[in-house]
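> okay, sequence plus prediction incoming.
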Amino acid sequence: MDTTYYYDHGTPAERWERAGMFFDARDYTAAARVLGTLVEEVPEQTGPRLLLARAYYHSAQLRRAETELKVIIERDPVEHYARLMLGRTLQRQGREDEARPHLRIAAALGGEFGEE
C-alpha cells in the first residue's frame, strides 16, 4: 500500500498541521516525512525547517538534523533555538568541541552569560 499520498496530500497549512500532530504524538519519523516535502515547497520558512530538524533529532537522524539546523543558522545567525539544537545535536554525536561554540552563542543570545 502506497502511503505517500497521505503524507503529501493537502495544502501547506494542512500538512503543517498534520506534521504537528505527528510530532505531538511522538511519531517523529512520520512528522519528518510530511515536513520534508513541505520544506522543499517553502524553503525560505524557518518554522517547518526547525520542526523538521527537531523531528530528525528525536528520531536519531542526527546528520539530517545537523544539515537542517546549519541552513537555518546560515540564513539567521542569531536564531537562538537553532543554535542550541545544533549544539545538542553535535553533542549527541560525540562532537563536543564543535558543539561548544554553538551552545555558548545560544546561551548569550538567551541572556545567559557564563563566567568564562
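Looks like it arrived, so ask away.
> got phi/psi on the nearest residue to Gly10 once chain neighbours are set aside?
Distances taken as Cβ to Cβ, 6 or more residues apart in numbering put Arg18 closest to Gly10, at 7.0 Å, once the chain neighbours are dropped. C-beta: built from backbone N, CA, C; applies to glycine. Backbone torsions of Arg18, given as degrees, to the nearest 10, read phi -60, psi -40.
> contacting residues for Arg18?
Tyr7, Gly10, Val34 (Cβ atoms under 8 Å, 6 or more residues apart in numbering).
> now render the residues you listed as a markdown table, adding neighbour count and secondary structure.
A markdown table is the format used below for those (neighbours: other Cβ atoms under 10 Å; DSSP: H, G, I helix; E, B strand; the rest coil):
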| residue | neighbour count | secondary structure |
| --- | --- | --- |
| Tyr7 | 20 | helix |
| Gly10 | 13 | coil |
| Val34 | 28 | helix |
